[in-house]
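Participant: predicted model and sequence below, questions to follow.
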Amino acid sequence: MKVALGGTFDPLHDGHKLLLQKVYELSDGDEIVIGLTSDEMARSRRCRAVLSYKARAENIRQYMFRKYGVRVRTVELNDRFGITLDEEDLDYIVISPETYSVALEINKLRKERGMKPLKIVRVEHVKAEDGKIISSTRIKNGEIDKHGALLI
């Protein structure tokens with residue numbers, strides 16, 4: 001099964017790792033495609049600094065190889081859809097709760113183009129020690145660490 005996942009992934013935290021685990025499980029040894037927001041897109045959508053695309057892509061590739069022994073293909077995202085409207089042989093898209101509507105839009109557009117819909121697999125957020133979600137913004141703000149432990 002060919003599986004896609006997209007995001008910024010900076011910093012790589014336990015919530016991201018749960019998404020990556022699901023991608024690995026669904027792939028069943030087939031191709032994994034990780035879409036990473038381009039530097040331009042990341043800067044325009046975030047009020048904080050992010051690592052370069054190249055550094056984030058390398059972090060994801062190293063993590064997936066060390067953790068699961070797999071190689072992944074990273075692609076640069078310049079819009080919300082990435083390769084999902086171009087590659088017909090995708091089977092799954094793994095999403096977090098806030099990107100569910102984008103996955104529905106992708107399937108609508110795929111259908112209009114005569115492509116098979118993607119199976120949408122929603123992975124719930126990982127909670128921090130305080131019961132709130134682990135997020136890159138909270139980590140960058142110094143509230144929590146990458147595992148959700150409170151820092152303030």
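Facilitator: Sure, I can see it.

Participant: list the buried ones in the least confident helix or strand in the chain by mean pLDDT?
Facilitator: The weakest-scoring helix or strand in the chain, judged by mean pLDDT, DSSP states H and E, is helix 39-45 (a mean of 84). For helix 39-45, a neighbour-count test (16 or more other Cβ atoms under 10 Å) marks 39, 41-42 as buried. Every residue, glycine included, has its C-beta placed from N, CA and C.

Participant: cool, stretch 67-85 as well?
Facilitator: Those buried within stretch 67-85 under the rule 16+ other Cβ under 10 Å are 68, 72, 74-77, 80-82, 84.

Participant: now those residues in JSON lines, with secondary structure?
Facilitator: As requested, the buried residues of stretch 67-85 are exported to JSON lines (DSSP: H, G, I helix; E, B strand; the rest coil):
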{"residue": "68", "secondary structure": "helix"}
{"residue": "72", "secondary structure": "coil"}
{"residue": "74", "secondary structure": "strand"}
{"residue": "75", "secondary structure": "strand"}
{"residue": "76", "secondary structure": "strand"}
{"residue": "77", "secondary structure": "strand"}
{"residue": "80", "secondary structure": "coil"}
{"residue": "81", "secondary structure": "coil"}
{"residue": "82", "secondary structure": "helix"}
{"residue": "84", "secondary structure": "helix"}
